[in-house]
Structure formats: C-alpha cells, structure tokens
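K.L.:
Here's a sequence, model it:
(chains A and B)
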Amino acid sequence: QKEVEQNSGPLSVPEGAIASLNCTYSDRGSQSFFWYRQYSGKSPELIMFIYSNGDKEDGRFTAQLNKASQYVSLLIRDSQPSDSATYLCAVNGAGGTSYGKLTFGQGTILTVHP
Amino acid sequence: DGGITQSPKYLFRKEGQNVTLSCEQNLNHDAMYWYRQDPGQGLRLIYYSQIVNDFQKGDIAEGYSVSREKKESFPLTVTSAQKNPTAFYLCASAPILVSETQYFGPGTRLLVL
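P.N.:
Next up, the predicted model:
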C-alpha cells in the first residue's frame, strides 16, 4: 500500500463546477496535510495546509480532513480553466526522525473545460 | 525579494560526468530538501538537511551527494553512479522550527546527452 494515495485521474470538470480531489494516507500519526498545485513544467506551489479535523476554507478552495478515516480532500468551487493543473497531496511523518519530512502522493491531473 | 533560486534551469550531462545543481534561499529557513520528479509521478525525496553541516538521506539517495556548508545553500551533485538521471529536480525549504510547510524553487531539468 502506498503511503499517500490520490484518486486516479485525470479528472475533468466543466467550468463553474465543483472539483473534488481526494487523498488517503497510511501513517495514523500524521498531523499536517498539504495541498500543492503544479502547472505543467513548473514547480509546486502551496494552496492550503490543514492540521485539524473538519473543513478549512480559503476563497474557492476548501480542505477537508478526517483523521479517523485517514482521508484528506480538496474541493475547488466555481472551477476555472486556470485551475487546470496537477494537484499534489502531501502528508508529514509521525514525528521523531520523520519530523520535517513530507510524503507526496502521485498527483491528480485536473482539467477544467469551458 | 525573498525566495528560493535554482540554477541552471536546464542542464545537460554527458555519460560519466558529475554535475552540480545549485539551490539558494534567502528566507532564513532552517531546512532544505531535494526532490526528483519523473514524468507523471509525484515527488521523491533525495536528501534533506535541517541544520548546517548535517544532512540525511531520503528515499532515493543512491548516485547523489549534497553539502550544507551555509544555511542559505544546499547544492546537489548528480554523480556518474546515477544511471538514470533524466528528471526534473526540485529544491524546497521550510522554517521547521515554526512550520513543516515546504516552499519550492523553480526547478532544474536535467537531460542526458
């Protein structure tokens, strides 16, 4: 089982729709969860981080965390063509020698079509 | 401007040659990281350093070497022992005394001639 697994893509949604990106992780002790966006040929840029169970909203983006189910998701409301990118989920280690290390999922390609 | 710089943007390696990728940050971050990304793949950790003069192997350290002589700089050498070096190399830094959030440089694309 992969340590961090994202829903297989590519994901295609129409402009204005809600895009839902999902991520599961295996380390029950993980405490910090990150979503990055990566445009083709560019480096990842941070969208959001979440530490606590529940929802965290930032503009059109909402991160949802359920530690009991070891599940984190990213919702993009009112999707725009400019949201078309690869979205990477990253999870921290459970502390000790793993502190400061993130494990990345393989990414989900999102395409928003007009 | 605060940020992370990587150079060069593109690098070509000949067979048997060692090449060094530069990573500099002026964010005063304690931790720095090197990742490798292959097409359609996520990021795999090569090496990381949380303090000057100390660094740790990541998941795919074989064929690579690093140094951390200054807080601002974390160069990566791709040695001739790395048989499949063609990839996109990403450097990141994090203020780990405050947060584990990592911020990325623009990347270096390494190609083998």
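K.L.:
Contact partners for the residue nearest the centre of chain B?
P.N.:
Most central in chain B under CA atoms, centre = their mean is residue B:34, positioned 3.0 Å from the mean C-alpha point. Residues in contact with residue B:34 (CB atoms under 8 Å, 6 or more residues apart in numbering or on different chains) are B:21, B:23, B:45-48, B:58, B:64, B:66, B:74, B:76, B:89-92. (Each C-beta comes from the backbone N, C-alpha and C, glycine too.)
K.L.:
now residue A:82, nearest residue through space, not along the chain?
P.N.:
The spatially closest residue to residue A:82, leaving aside those adjacent along the chain, is residue A:112, at 7.8 Å (CB to CB, 6 or more residues apart in numbering or on different chains).
K.L.:
so where's chain A uncertain?
P.N.:
Applying pLDDT under 70 to chain A flags the ranges A:1-2, A:94-97.
K.L.:
Just the strands from the chain, written as ranges.
P.N.:
Chain wasn't specified; assuming chain A. Assigned by DSSP state E, the strands in chain A fall at A:4-6, A:11-14, A:19-25, A:33-38, A:45-50, A:54-58, A:61-66, A:71-76, A:85-92, A:102-104, A:108-113.
K.L.:
my bad, chain B
P.N.:
Here chain B has its strands, by DSSP E, at B:4-7, B:10-13, B:19-25, B:31-37, B:43-51, B:54-57, B:64-66, B:76-78, B:87-94, B:103-104, B:108-112.
K.L.:
Just send the ones you listed back as CSV, with mean pLDDT too.
P.N.:
Formatted as CSV, these follow (pLDDT from 0 to 100):
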stretch, mean pLDDT
strand B:4-7, 97
strand B:10-13, 93
strand B:19-25, 98
strand B:31-37, 97
strand B:43-51, 95
strand B:54-57, 96
strand B:64-66, 98
strand B:76-78, 97
strand B:87-94, 97
strand B:103-104, 97
strand B:108-112, 94
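K.L.:
Next, the contact list for residue B:13, please.
P.N.:
B:19, B:78, B:85, B:110, B:111, B:112, B:113.
K.L.:
Please list all residues in contact with the first one.
P.N.:
Okay, so that is residue B:19. Contact analysis of residue B:19 by CB under 8 Å, 6+ apart lists B:11, B:13, B:77, B:78, B:110.
K.L.:
How about residue A:67?
P.N.:
A:28, A:53.
K.L.:
what about it, distance to chain B?
P.N.:
16 Å (CB to the nearest CB, to the nearest Å).
K.L.:
From residue A:106, how far off is that residue?
P.N.:
Between residue A:67 and residue A:106 the computed distance is 22 Å (CB to CB, to the nearest Å).
K.L.:
hang on, the earlier thing: out of the contacts of residue B:34, which is nearest to chain A?
P.N.:
residue B:90 (5.6 Å; CB to the nearest CB).
K.L.:
I'd like to know how many residues surround that closest one.
P.N.:
25 (other CB atoms under 10 Å in any protein chain shown).
K.L.:
Skip the chain neighbours and tell me the closest residue to residue 8.
P.N.:
Answering for chain A, as no chain was given. Nearest non-adjacent residue to residue A:8, counting by CB to CB, 6+ apart: residue A:108, 7.5 Å away.
K.L.:
Hmm, no, I was thinking of chain B.
P.N.:
Leaving aside its sequence neighbours, residue B:8 sits nearest to residue B:108 (CB to CB, 6+ apart; 6.3 Å).
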